[in-house]
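J.: Here's my sequence, what's the structure:
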Amino acid sequence: MTTQAAFPMRLPGFEYRRVDVGDVTINCALAGAGPPLLMLHGYPQNHLTWRDVAPALAEDHTVVLADLRGYGDSDKPAPDRAGLVYSKRSMARDQARLMRQLGFGQFELASHDRGARVAHRLALDRPRTVTRLAIVDIVPTRHVFRHVTLGVVTVSYHWFFLSTGNGIPEHMIAADPGYWVRALTGQLLGPGASIEPAVMDDYARCFSDPGTIAGSCADFRSSAAADLVHDEESFSSGKKVECPVLLLWGSQGMVGPDYDPLSVWQQYAADVRGKALPTGHFVPEEAPDLVTAAFRDFFE
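T.: Numbers count the residues shown, from 1 in each chain. Purely as a prediction, here's the structure:
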């Protein structure tokens, strides 16, 4: 039987803080000195996503690893019917306030999966705050819902499952959260790739909290509701991400097989460059050396 971590896993050399950003408290870990770089994780994970990338970047940056609201050891407010509590606008505001509380009015931003959706909204809503943006293995939420194919539904079935109402996904995940986290992650890893057991235990630990289950489901519901409204408003007005964007995706991930990622993102950002890496969806964990090298080339 796989054990589950009883206490949070901590990254050596990082200082941990809980920062009050208004209506929630955000858990974060800091290391290094130099230009500030915020790094945001995806589902079903936490800031440990960056464990093999962040230490090298901390050699010449002040690296801030944050747990999104509803995830990890950050606060998990009760969801609302309108989907505003877990809208990417609300989650992005958390992270902008976090960085401001830490003394950074402008910063660079690296992001994967759900964190990249938060990062996309943050860069749109606060264009003078984000100076450079790295996005890993997503295309914009609006584009996903406007181009649903059999391939998208097969690989990203959890989008539609987690968006289901009436407490259905919450009840089913709560029956065995460790199984859910490990099974979903295993399906999205590239062939032969794995995540070390201690890290998987920590991801499962967080999902043993009913607040994480509820908050993460609300995150996905918001994507099909409030987020979609906000994204349509931005796109219809011609608003694009203004800062330089680095796009990385796994050739066997959630983006590579079904989209032309660069051409898609060129509709949503003014300055985009990037490439595929030989991984599944969890690019920073499957190919940390390649991600680190790409980030070092991109971030000033």
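
J.: Can you list the residue ranges for strands in this protein?
T.: For the chain, applying DSSP state E gives strands covering 15-20, 25-32, 36-40, 62-66, 107-112, 130-136, 245-250, 272-277.

J.: ok, now which ones touch the closest residue in space to residue 18 that isn't next to it in sequence?
T.: In space, and not counting its chain neighbours, residue 18 is closest to residue 25: 5.1 Å by CB to CB, 6 or more residues apart in numbering. Using the backbone N, CA and C atoms, a C-beta is placed for each residue, glycine as well. By CB atoms under 8 Å, 6 or more residues apart in numbering, the residues touching residue 25 are 18-19, 74-75.

J.: Can you check what pLDDT the model gives residue 5?
T.: What the model reports for residue 5 is a pLDDT of 68.

J.: and what of the one 4 residues further on?
T.: pLDDT, residue 9: 95.

J.: Could I get the pLDDT score of the nearest residue to it once chain neighbours are set aside?
T.: Nearest residue to residue 9 in three dimensions, chain neighbours excluded: residue 202, at 4.2 Å (CB to CB, 6+ apart). For residue 202, the model assigns a pLDDT of 98.

J.: number of nearby residues for residue 202?
T.: 22 (other CB atoms under 10 Å).

J.: Tell me the spacing between it and residue 239.
T.: 37 Å (CB to CB, to the nearest Å).

J.: Just to check, residue 128 is in contact with residue 106?
T.: Yes: in terms of CB atoms under 8 Å, residue 128 counts as a neighbour of residue 106; the distance is 7.2 Å.

J.: ok, these two, which is more surrounded?
T.: residue 106 (14 against 9).

J.: list the contacts for the more buried one?
T.: Neighbours of residue 106 in contact, by CB under 8 Å, 6+ apart: 36, 128-131.

J.: Residue 39 now?
T.: By CB under 8 Å, 6+ apart, the neighbours of residue 39 are 47, 49-50, 53-54, 63-66, 109-111, 115.

J.: Now do the same contact list for the nearest residue to residue 190 once chain neighbours are set aside.
T.: Residue nearest to residue 190 in three dimensions, not counting chain neighbours: residue 280, with 3.1 Å by CB to CB, 6+ apart. Neighbour list for residue 280: 188-191, 193, 250, 252-253, 286 [criterion: CB under 8 Å, 6+ apart].

J.: Distance of residue 280 relative to residue 195?
T.: In terms of CB to CB, residue 280 sits 11 Å off from residue 195.

J.: shared neighbours, those two?
T.: Shared contacts of residue 280 and residue 195, defined by CB under 8 Å, 6+ apart, comprise residue 189.

J.: Mark which of the contacts of residue 25 are buried, thanks.
T.: 19, 74-75 (16 or more other CB atoms under 10 Å).

J.: Turn these into JSON lines, including distance to residue 182 and pLDDT.
T.: Listed next are these as JSON lines, based on distance: CB to CB, whole Å; pLDDT from 0 to 100:
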{"residue": "19", "distance to residue 182": "30", "pLDDT": "98"}
{"residue": "74", "distance to residue 182": "22", "pLDDT": "98"}
{"residue": "75", "distance to residue 182": "25", "pLDDT": "98"}
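
J.: wait, which of those residues is closest to residue 40?
T.: residue 74 (11.3 Å; CB to CB).

J.: Can you tell me, leaving aside adjacent residues, what's nearest to that closest one?
T.: residue 67 is the one closest to residue 74 (CB to CB, 6+ apart), at 4.0 Å.
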